[in-house]
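**Student:** here you go, sequence then predicted model.
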Amino acid sequence: MKSPSADPPTSDKSPRVPGFRTWRGIYIFVFAFFVLVVVLLTIFSRYFA
Amino acid sequence: MNALDWIVLLGTMIGIAAYGVWRTRDVHSLNTYLKGNKSTRWGTIGLSVMATQASAITFLSIPGQGFESGIGFVQNYFGLPLALIVVCAVFLPIYRRLGVYTAYEFLGRRFDGKTRLLSAGLFLVQRGLAAGVTIYAPAIILATVLGWRLDLTIIFTGLLVIVYTVTGGSAAVSLTQKWQMAVIFGGMVTAFVVLLTKMPAGLGFGGAAHVAGAMGKLQAVDFSLNPDRRYTLWTGLLGGFFLSLSYFGTDQSQVQRYIGGAALREGRLGLMFNALLKIPMQFSILLLGALVFVFYQFEKPPVFFNQTEWRHHEQGANAATFHALDEKFNAAFAEKQVKIQAWLEVREAHDAVAETAARAAMLESQTRAGAIRAEAKAALVADDPRAKTKDSDYVFITFILDHLPHGVIGLLVAVMFAAALGSKASELNALGTTTTIDLWRHFRPLAAHDEARNVRAAKWFTAMWGLVAIAFALYASLAENLIEAINILGSIFYGVVLGIFLVAFFLKRVGGTAVFWGAVTAQVLIFVLFFYYKDRVAYLWYNLIGCAACVLFSLVLQLLLGRKVEKAHAA
């Protein structure tokens, strides 16, 4: 039995976030931010070692 | 704690719980009770996901990890953002499209009833056990250091969370978690600021970080390929990815937080909010622990941070041994202070050769102090073999009680309880929902159409799990390190459950019987690794091994069984 809140298949076109037209763009941004955080943590470790 | 602390603590705890009960007192719809309000926006979902993962253990144990072993534990979270991207792109749209209440309901549709029951059962066992730990873990520490009765602390915390979770269901959980997270953020920022003001004059954040770094506490990223090392970039990326994918994608306590909401967009943005903030947040908590370590280089720490345990032994038959250890540690601390001051002075002078020599002397004095701490722990065990010797979970709460002003103490203890209530509420909500949807309705299919009866059943099951968690917590014996106990328990089961879901999503040709027996075999393999090879295989690898084994066994069994057999079973 489906619950009443099942989504229609077309409810997911745009993230409606300024600067992003697609979800793929958001995922790439999140991934790039993660890489940046790891790089910054590495620099932080080296700087204060 | 004085009256002001008690007002802050009780006002925060009871105030938020009462607000949750009052705002959700009219929830009668099954959908709202199990998934939350339809109008819930991404910010509330994001905070709810964060609050579910951040238990009291996070704020008691992780600063202790930073103090004891440095900030390398942050690597444990490196796989999390990547896993959340996969959950957003693959898992969540399917859950939303099917309109399921639980993740395991999806497996029932994709495979069959037995696979659904197996995965729901694994979840109930694993989460039901963890539910006892999440209530017991903060209670034992807070009761010990504050002198409260452990049983009353457990019962009060447990009953408070049962009241609002049973009353308002998922809607109350999300609503209260938003305010609990506000208390948590406010408390931790306050602790950070007050800690910096307590550092010696002129040291500042930069100086404190240099001291921590020189003493090996700020090694955040370890590129080592040595499989014996528990936390490296690679275990964090691989093991952490599978642990996070399983936790966020298949654990009902998380799935329930984001499958509701106004639209798919809200759940996705809530998860991306966590993907961005989780590593910086964990880093900040670990850094706080490393800075507490620096603070205790200038302010004398106790030789053993669980001072209640220490005092108990100090007043026993071997009092002389413990007094002697105290004296020895005091002398080592005084010597270390001189060495640290010497190092800070030559560092200012930019004399590289003298700096290297001073650093070596400082580290040597630190090693000596560490050896006395180890000696103290050995003395505890010699005095009583049952003595708990891991004191890192007591470091942060000791700092709070001994060095923070009144009012802030109440706020920080409220942080611990807010975190305990938030994560506990999600667990109870998920346990009640899974028991109702995947077990009760499975065996009483005719009841599925009676909405009021379903809500009543969900309330009873939620209350039942709350009482089970309290009972478990009252009789639990605890692993030495709390945060690791939770992660190890999760890793034993998560990999296999994730394997079932990955087969469901990506291997369309594999049927229910193959995946069911594949999962059972993979789970047995993980038990063998845990009981017989736990010294050789770090627990984070269980996630990867369990998942890969489940997928592999399912594929092999599917080949052996053949599609005809699967069709016969389906018929």
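**Tutor:** Alright, I've got the coordinates.
**Student:** can you tell me the helix or strand for the closest residue to chain A within the stretch 201-350 of chain B?
**Tutor:** Relative to chain A, the nearest point of the stretch 201-350 of chain B is B:G213 (3.0 Å; Cβ to the nearest Cβ). Backbone N, C-alpha and C define where each C-beta goes, glycine included. Using DSSP states H and E, B:G213 maps to helix B:204-214.
**Student:** now the element after that helix, going C-ward?
**Tutor:** Scanning onward from helix B:204-214 (DSSP H and E), the first element met is helix B:233-234.
**Student:** how about the host helix or strand of B:G132: buried residues?
**Tutor:** Assigned by DSSP H and E, B:G132 belongs to helix B:113-146. Of all the residues in helix B:113-146, those buried under the rule 16 or more other Cβ atoms under 10 Å in any protein chain shown are B:114-120, B:122-124, B:126-145.
**Student:** same thing with stretch B:33-45?
**Tutor:** In stretch B:33-45, counting by 16+ other Cβ under 10 Å, buried: B:33-38, B:40, B:42, B:44-45.
**Student:** circling back: got the buried residues for the helix holding B:G213?
**Tutor:** Taking 16+ other Cβ under 10 Å as the neighbour-count basis, helix B:204-214 is seen to contain the buried residues B:207-214.
**Student:** just stretch B:192-201 next, same as before
**Tutor:** Neighbour count says stretch B:192-201 has B:194-195, B:199-200 buried, by 16+ other Cβ under 10 Å.
**Student:** quick one: terminal-to-terminal distance for stretch B:393-412?
**Tutor:** With Cα to Cα, to the nearest Å as the measure, stretch B:393-412 spans 15 Å from end to end.
**Student:** so for that stretch, mean pLDDT?
**Tutor:** The pLDDT scores in stretch B:393-412 average 92.
**Student:** what packs against the helix or strand where B:V528 lies?
**Tutor:** Under the criterion DSSP H and E, the helix or strand holding B:V528 is helix B:512-532. Helix B:512-532 sits against helix B:113-146, helix B:482-506, helix B:540-570, with contacts defined as 3 or more Cβ pairs under 8 Å, 6 or more residues apart in numbering or on different chains; DSSP states H and E.
**Student:** residues contacting it, please?
**Tutor:** Defining contact as Cβ atoms under 8 Å, 6 or more residues apart in numbering or on different chains, one finds that helix B:512-532 is touched by B:111-112, B:114-115, B:118-119, B:122, B:492-493, B:495-497, B:499-500, B:503-504, B:537, B:539, B:542, B:545-546, B:549-558, B:561, B:565-566, B:569-570.
**Student:** quick one: the helices and strands packed on helix B:512-532 as a markdown table, columns for mean pLDDT too.
**Tutor:** Listed next are the helices and strands packed on helix B:512-532 as a markdown table, based on pLDDT from 0 to 100:
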| stretch | mean pLDDT |
| --- | --- |
| helix B:113-146 | 85 |
| helix B:482-506 | 83 |
| helix B:540-570 | 81 |
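**Student:** mind checking which of these is nearest chain A?
**Tutor:** Closest among the helices and strands packed on helix B:512-532, using Cβ to the nearest Cβ: helix B:113-146, at 14.1 Å.
**Student:** could you give the angle of the helix or strand just after the closest one to helix B:113-146?
**Tutor:** Going down the chain from helix B:113-146, the next helix or strand is helix B:150-197, by DSSP H and E. Going by axes from the mean of the first three to the mean of the last three Cα atoms, to 10 degrees, helix B:150-197 is angled at 70 degrees with respect to helix B:113-146.
**Student:** tilt between helix B:150-197 and helix B:204-214?
**Tutor:** 110 degrees.
**Student:** pLDDT on helix B:150-197, on average?
**Tutor:** For helix B:150-197, the mean confidence score works out to 92.
**Student:** got the contact list for residue 20?
**Tutor:** Went with chain A since none was named. Counted by Cβ under 8 Å, 6+ apart, A:F20 has contacts A:26, A:29.
**Student:** please go with chain B instead
**Tutor:** By Cβ under 8 Å, 6+ apart, B:G20 lies in contact with B:164, B:167-168, B:172-173, B:175-176.
**Student:** kindly report the same for B:Y258.
**Tutor:** In this structure, B:Y258 makes contact with B:45, B:48-49, B:92, B:267, B:270-271, judged by Cβ under 8 Å, 6+ apart.
**Student:** try 7 Å this time
**Tutor:** B:45, B:49, B:92, B:267, B:270-271 (Cβ atoms under 7 Å, 6 or more residues apart in numbering or on different chains).
**Student:** what of B:F305?
**Tutor:** B:391, B:394-395, B:398.
**Student:** repeat that for 10 Å
**Tutor:** Contacts were defined as Cβ atoms under 10 Å, 6 or more residues apart in numbering or on different chains; by that measure B:F305 touches B:64, B:67-68, B:145, B:296, B:373, B:390-399.
**Student:** next: B:G187.
**Tutor:** Contacts of B:G187 by Cβ under 10 Å, 6+ apart are B:8, B:12, B:59, B:400, B:408, B:410-416, B:418-419.
**Student:** do B:A379 as well
**Tutor:** B:303-304, B:310, B:313, B:318, B:321-322, B:324-325, B:387, B:389.
**Student:** adding secondary structure and distance to chain A, write these out as a markdown table.
**Tutor:** Output for the contacts of B:A379, formatted as a markdown table (DSSP: H, G, I helix; E, B strand; the rest coil; distance: Cβ to the nearest Cβ, whole Å):
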| residue | secondary structure | distance to chain A |
| --- | --- | --- |
| B:V303 | coil | 27 |
| B:F304 | coil | 28 |
| B:W310 | helix | 32 |
| B:H313 | helix | 37 |
| B:N318 | coil | 41 |
| B:T321 | helix | 38 |
| B:F322 | helix | 36 |
| B:A324 | helix | 36 |
| B:L325 | helix | 32 |
| B:A387 | coil | 35 |
| B:T389 | coil | 29 |
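**Student:** from these, list the buried ones, please.
**Tutor:** Buried among the contacts of B:A379 (16+ other Cβ under 10 Å): B:303-304, B:310, B:313, B:321-322, B:325, B:387, B:389.
**Student:** which members of those are the farthest-apart pair?
**Tutor:** Every pair in the buried ones among the contacts of B:A379 was compared (Cβ to Cβ); the two farthest apart turn out to be B:T321 and B:T389, at 15.0 Å.
**Student:** what does the pLDDT read for B:K390?
**Tutor:** At B:K390, pLDDT is 82.
**Student:** what about it, helix or strand, and which?
**Tutor:** Applying DSSP H and E, one finds B:K390 in no helix or strand.
**Student:** surely it meets B:V381?
**Tutor:** No - B:K390 lies out of contact with B:V381 (Cβ atoms under 10 Å); the separation is 11.4 Å.
**Student:** which of the two has more residues huddled nearby?
**Tutor:** B:K390 (17 against 12; other Cβ atoms under 10 Å in any protein chain shown).
**Student:** strands of chain A, start to end?
**Tutor:** Per DSSP state E, chain A carries no strands over any range.
**Student:** quick one, helices of it?
**Tutor:** Remark: helices assigned in chain A by DSSP state H are A:23-48.
**Student:** any low-confidence regions in it?
**Tutor:** A:1-13 (pLDDT under 70).
**Student:** one more pass at 50, please.
**Tutor:** A:1-4, A:10-11 (pLDDT under 50).
**Student:** just chain B next, same as before
**Tutor:** For chain B (pLDDT under 50), the answer is B:479-480.
**Student:** could you list the domains of it?
**Tutor:** Split into domains by automatic domain parsing, chain B comes to B:3-20+B:39-296+B:399-478, B:307-387.
**Student:** what's the closest non-adjacent residue to B:F304?
**Tutor:** In space, and not counting its chain neighbours, B:F304 is closest to B:W310: 4.4 Å by Cβ to Cβ, 6 or more residues apart in numbering or on different chains.
**Student:** just checking, that neighbour touches B:A319?
**Tutor:** No - the pair formed by B:W310 and B:A319 falls short of the contact definition of Cβ under 10 Å, at 11.4 Å.
**Student:** give me the common contacts of those two.
**Tutor:** If you check B:W310 and B:A319 against Cβ under 10 Å, 6+ apart, no residue is contacted by both.
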